[in-house]
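J.: Could you work out the structure for the sequence below:
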Amino acid sequence: MLSAVAARKARLEGKNVPTEVALAPCPPPSLVLEKVAAPKPPSKRKPSDPSIKPPRKKKRPQPKRVIDNQTRYFAQDELITAAENSDTSQNDMSVDEDRFELHVPLAVQPSPPASRGDDKKHPRAWSPSAPLVDSSDDEDNAAGDPAENSYVPAAPPLPTARSAPETPSLLSTFQPILGQNVFHVTPEDLASHLTPQSKQKGTVFVLHLGDTVAFLGAYSLTILHGTISVAGVTLTPSHTPHHVFAPRSSPLPVIQCISSNERVQDGAINLPPFLGTAAVQGSAILLLQELRTGVEGLGHVCRTFEDAFTPSRWQSSTMSFDTALEGVHLLTQQTHDISPFSMPASWEAALSAVEKNTSERHESGFSRQVYLVKGPRNAGKSTFSRCLLNRLSTRYRRVAFLECDLGQSEFTPGGMVALNIADKPLFGPPFTHPSIPHSAHYIGASSPRSSPSHYLDGIQALIQSYDLDVQHAALVEPEEHEEGDDRIADVIPLVVNTMGWTKGLGADLSRKIEEYIEPSDVFEFETQVQDEGWALSAGGPSQTPFPALDAVRRHVLEPIRTSTLSSRYTPADHRTLAILSYFHAQFPSGARIPPLCPAIAISWNTALPLCAQPPYEVDWNITFDKVFLTGAGTEDVVPSEIRRVMNLAIVGLVSCEPDTLDGDSDGTASEGVGALPYTQDAPPPSPFSSKCYGLALIRGLSLAPASSLLHILTPVPPHLFSTCRVLVKGELELPVWGMLDFRSADGDVAGVERGKVPYLRWGKGEGAGGERRRFRRNLMRRGQM
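T.: Prediction:
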């Protein structure tokens, strides 16, 4: 390798080396720098001697460039072309760094775009904006063919500018003006004119045709005049208020004023004088009142949903109107953490077809009205099932709902197949309306994978209960209803929500469920990838599993759009909130609830965590007859360990018919004074002779052999709890949020230091793989040495 000193010495000796920079004509492309390399003399160094350091490279001098100021703004490509006799190695390129030929064109033009498949005659280009295409086969050619290099220059690219921010979509087109379309009403005015039983203040909104308005929070909605649409449900004037729960964790229901073809009878509602002029054709008058149920306190119990009923700081900056109602906020614009509920067109068409078929079947005397909803996961089955339930509630006085999805139940916590009855529309996510089921069976898991036979038996028993006790119960035991209620009362339709497991065993279970139910209408969600479980065609499934369903009406639905809420709140978070909402709920505690009357939670007690609430103290020798374990691995639990298993366990409260429990001859039973009535590997009670009324939490259990006391928490009313003589434990466990004390800021639980609290551990894990992983970055490949 020649150094700079050797190159200068060679020039002084008079060798034929060009020493001056010459201006030469150049093709139209921009600035061309051409290196002329000198012949490489033999090196005097021994290649095997590692002690000699290579000479340092001199910095390449920057030549002065003659550039046209007008055209150089768009020309960014500079071509550096090596000579033919130059070597391709980097060491040879550093031999004569101060000898080069500078070709300056008369006018700098934009260079042609280089492609990877160019011929070898084309020069290899370098540019700060276009990286060099590395190829060892390219040969440099300074004097390229002008015909090949000729091109028509494209229009210069314009400088990129930031795109304008998208205008947020409007949630409310309603423009509130106090005294014109918004009126604050006192409790005295409500008691004298609108709702005689109301003792709270309210706010009246007057909407015109096409106006939309969205509220955040929990509120009571009463229709005084006109017709509105809420979450796909049409509501007409009535004295019955509707409870609406609109947290940020779920799509918000948007209220819209619509026109009705039917003549709405609203003369029974006496409007005050200041509202008489607002009741014009095409308008709607709404009464909003505060709804104080304590559901907002669930955000303190489960911090994932903290402040879900209050506006965020982005929404607070856009709010400009005060509703004068505590916990009710009017939203005008959509933000990234708010998703309004929008019903797809196929859903609306299917629901309209159901309403049309309802009238035809009622006139023809066809009484079987069972609606089955099925499809893959995350398609919107639960949301559509709720919309179908709400739409049927406007036509029937009662609607039954069969929940077959163990992981995402509508009325009960997970792990149960339940039959519930509703008598009015439900506006809110599942955690806002937990209820005591009409009939239910505890499976004990969020999936039927470990006990498919028990799962099918439970659904079959619920179908029999609907056919015998619910479908035509109104004809046997007629009850009094609100005056003016003209809804159908002689038939109670059934809505069935299935699980989203559609492959393998899940597909077999779904076909069995459809065979048991014998639906009159099937709502099936279309899938992007067709599999064995759901093979959609133009007319429905490719094969009918049984001939009785040939006359079934099938509706194909499009999946609902995924919103930003799905990434913020996972299905596991919703299951956790549903369980905690259930244990903090307060149900009606009447001595006798009518069999067809829904028992939905009326309030939530979140003042105390579960660890501080007063429990029931129960002697299991007197209270319970049997304890069962169900789920994977429970058959290996020996009787001596049953106390440890049941401590802090979620159990199902089951009531069995007399003389239906099996004996203890098939397994190993617990023995001794104070032992739990447990038999190893005993099957759970049969769903055909038992019923589950709800869940309970065993908060404490004495480990002393002679003691038989336990502390149990349950929201089930006492008159139902006293009938449950069997406990069934499954795979469900209490979420960590339920074990914490949200009252303390130091992390202690009920006054006990967090390091001494059982079942909880703070800090990193100590098991295998719990320590921090260490990475070695001192390993190099052979070429890097």
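
J.: which of the residues in stretch 728-743 are buried?
T.: Within stretch 728-743, the residues that count as buried by 16 or more other C-beta atoms under 10 Å are 728-732, 734-735, 737-742. For glycine as for every other residue, the C-beta is placed from the backbone atoms N, C-alpha and C.

J.: Can you pick out the ones from the residues you listed that are in helices?
T.: Mapping the buried residues of stretch 728-743 onto helices (DSSP state H) picks out no residues; all lie outside.

J.: Dump the residues you listed into a markdown table; add pLDDT and distance to Val752 as well.
T.: Conversion of the buried residues of stretch 728-743 to a markdown table gives the following (pLDDT from 0 to 100; distance: C-beta to C-beta, whole Å):
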| residue | pLDDT | distance to Val752 |
| --- | --- | --- |
| Val728 | 95 | 30 |
| Lys729 | 95 | 25 |
| Gly730 | 94 | 28 |
| Glu731 | 92 | 28 |
| Leu732 | 92 | 25 |
| Leu734 | 92 | 17 |
| Pro735 | 91 | 19 |
| Trp737 | 90 | 18 |
| Gly738 | 90 | 16 |
| Met739 | 89 | 12 |
| Leu740 | 89 | 12 |
| Asp741 | 88 | 9 |
| Phe742 | 89 | 15 |
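
J.: got a markdown table for those, with distance to Ser640 too?
T.: What follows is the buried residues of stretch 728-743, written out as a markdown table (distance: C-beta to C-beta, whole Å):
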| residue | distance to Ser640 |
| --- | --- |
| Val728 | 20 |
| Lys729 | 16 |
| Gly730 | 21 |
| Glu731 | 21 |
| Leu732 | 24 |
| Leu734 | 24 |
| Pro735 | 29 |
| Trp737 | 32 |
| Gly738 | 28 |
| Met739 | 26 |
| Leu740 | 31 |
| Asp741 | 32 |
| Phe742 | 36 |
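
J.: now, which of those sits nearest His300?
T.: Proximity of the buried residues of stretch 728-743 to His300 was ranked by C-beta to C-beta; the top entry is Phe742 with 4.8 Å.

J.: Not including adjacent chain positions, what is the nearest residue to the closest one?
T.: Excluding the flanking residues, the one nearest Phe742 by C-beta to C-beta, 6 or more residues apart in numbering is His300, at 4.8 Å.

J.: Equivalent analysis for Ala345, please.
T.: Going by C-beta to C-beta, 6+ apart, Ala345 has Glu558 as its nearest residue, at 7.9 Å.

J.: rewinding a little: among the buried residues of stretch 728-743, which ones are in strands?
T.: Among the buried residues of stretch 728-743, the ones falling in strands (DSSP state E) are Val728, Lys729.

J.: Which single one of the buried residues of stretch 728-743 is nearest to Glu410?
T.: Distance to Glu410 across the buried residues of stretch 728-743 (C-beta to C-beta) is lowest for Leu732, with 17.2 Å.

J.: Surely the closest one is in contact with Ile650?
T.: Yes. With contact defined as C-beta atoms under 8 Å, Leu732 counts as touching Ile650 (5.0 Å).

J.: hey, what's in contact with both of those two?
T.: Ile579 (C-beta atoms under 8 Å, 6 or more residues apart in numbering).

J.: circling back to that earlier point, between the buried residues of stretch 728-743, which is nearest Val185?
T.: Taking the buried residues of stretch 728-743 together and measuring to Val185 by C-beta to C-beta, the closest member is Phe742, at 36.3 Å.

J.: and the closest one, what does it touch?
T.: For Phe742, the contact set (C-beta under 8 Å, 6+ apart) comprises His300, Val301, Arg303, Pro609.

J.: tally of neighbours for the closest residue in space to Asp423 that isn't next to it in sequence?
T.: Leaving aside its sequence neighbours, Asp423 sits nearest to Arg398 (C-beta to C-beta, 6+ apart; 5.2 Å). Counted with other C-beta atoms under 10 Å, residues neighbouring Arg398 total 24.

J.: circling back to that earlier point, of the contacts of Phe742, closest to Leu170?
T.: Looking across the contacts of Phe742 and measuring by C-beta to C-beta, the closest to Leu170 is Arg303, at 31.6 Å.

J.: Now do that closest one against Trp737, distance only.
T.: Distance, Arg303 to Trp737, using C-beta to C-beta, to the nearest Å: 7 Å.

J.: What helix or strand is Val354 located in?
T.: helix 345-364 (DSSP states H and E).

J.: Next secondary structure after that helix?
T.: Moving toward the C-terminus from helix 345-364, the next helix or strand (DSSP H and E) is strand 370-374.

J.: May I have the strands that pair with that next one, each with its orientation?
T.: Here strand 370-374 is paired, per DSSP bridges, with strand 494-497 (parallel), strand 521-525 (parallel).

J.: what's the closest of those to Pro685?
T.: strand 494-497 (23.5 Å).

J.: on that earlier part again, tell me which two of the contacts of Phe742 sit farthest apart.
T.: Farthest pair in the contacts of Phe742 (C-beta to C-beta) is Arg303 and Pro609. Separation: 12.4 Å.

J.: Show me which of those two is the more surrounded one.
T.: Per other C-beta under 10 Å, whichever of Arg303 and Pro609 has more neighbours is Pro609, with 21 against 11.

J.: ok, that one - contacts?
T.: Applying C-beta under 8 Å, 6+ apart to Pro609 gives the contacts Val301, Gly738, Leu740, Asp741, Phe742, Arg743, Ala750.

J.: what about it, which SS state?
T.: Per DSSP: H, G, I helix; E, B strand; the rest coil, the secondary structure class of Pro609 is coil.

J.: could you measure it against Ala578, distance?
T.: For Pro609, the distance to Ala578 (C-beta to C-beta) stands at 17 Å.

J.: hmm, back to that, of the contacts of Pro609, which is the nearest to Gly414?
T.: Looking across the contacts of Pro609 and measuring by C-beta to C-beta, the closest to Gly414 is Gly738, at 13.8 Å.

J.: Verify the contact between that closest one and Leu580 for me.
T.: Yes. With contact defined as C-beta under 8 Å, Gly738 and Leu580 form a contacting pair (5.6 Å).

J.: list the residues that contact both of these two?
T.: Val301.

J.: Going by neighbour count, which residues of stretch 342-350 are buried?
T.: The neighbour-count check on stretch 342-350 (16+ other C-beta under 10 Å) flags Met343, Ser346, Trp347, Ala350 as buried.
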